[in-house]
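>>> the sequence isn't on hand, but the structure is:
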């Protein structure tokens with residue numbers, strides 16, 4: 001029990017630990033990709049327009065939860081150059097963490113309440129996570145720095161998942 005209690009603060013800190021440059025760069029890269037894709041999708045569809053700061057904040061809050069609330073099989077590492085459909089599926093696996101992060105942000109803004117997650121919210125989260133993962137795979141195939149950073153981030157998520165009691 002003591003070890004699992006220590007995992008909670010560790011999972012909050014490790015994605016942003018300056019001593020682990022590859023993990024930090026992977027976290028920042030993932031947040032940047034996801035924020036940009038989410039903002040672009042929201043602009044194109046006109047659904048729930050949110051500012052850059054709010055989107056980046058929600059994606060940042062989601063980082064410690066990516067492994068712990070992922071009930072699906074592990075993602076295919078970006079470095080292994082997964083097929084496009086696999087990348088889309090792997091991105092969608094992060095939706096529970098994003099929904100939890102959106103709820104936490106909502107609680108911070110308006111207090112505790114029943115989560116207000118509609119079909120549009122769910123579809124937007126699924127689409128933005130799936131598309132951003134597919135774009136990460138495509139860019140990582142061209143840029144070694146992105147590949148290294150995203151592999152470190154994937155390793156962090158796998159480590160979180162392996163230590164989670166929820167899975």
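Ah, there it is. On a predicted model such as this, the values are computed, not experimentally measured, just so you know.
>>> what about the host helix or strand of residue 59, average pLDDT?
Assigned by DSSP states H and E, residue 59 belongs to helix 52-62. Helix 52-62 shows a mean pLDDT of 92.
>>> how about it, which residues are buried there?
Under the neighbour-count criterion of 16 or more other C-beta atoms under 10 Å, helix 52-62 has 55, 56, 57, 58, 59, 60, 61, 62 buried. For the C-beta atoms, the positions are set from N, CA and C on the backbone; glycine is no exception.
>>> and the closest residue to residue 81 other than its chain neighbours, what pLDDT?
Nearest residue to residue 81, sequence neighbours excluded (C-beta to C-beta, 6 or more residues apart in numbering): residue 141, at 5.9 Å. At residue 141, the predicted lDDT confidence score is 87.
>>> the top helix by length along the chain to helix 52-62, inter-axis angle?
The residue-count maximum for a helix in the chain (DSSP state H) belongs to helix 21-45. If you take axes from the mean of the first three to the mean of the last three C-alpha atoms, to 10 degrees, helix 21-45 sits at 130 degrees to helix 52-62.
>>> other residues contacting helix 21-45?
14-18, 47-50, 52, 55-56, 59-60, 63, 124, 127-129, 131-132, 135-136, 139, 145-146, 148-156 (C-beta atoms under 8 Å, 6 or more residues apart in numbering).
>>> report the buried members of these.
Here, 16+ other C-beta under 10 Å leaves 14-15, 50, 55-56, 59-60, 63, 124, 127-129, 131-132, 135-136, 139, 146, 148-154, 156 buried among the contacts of helix 21-45.
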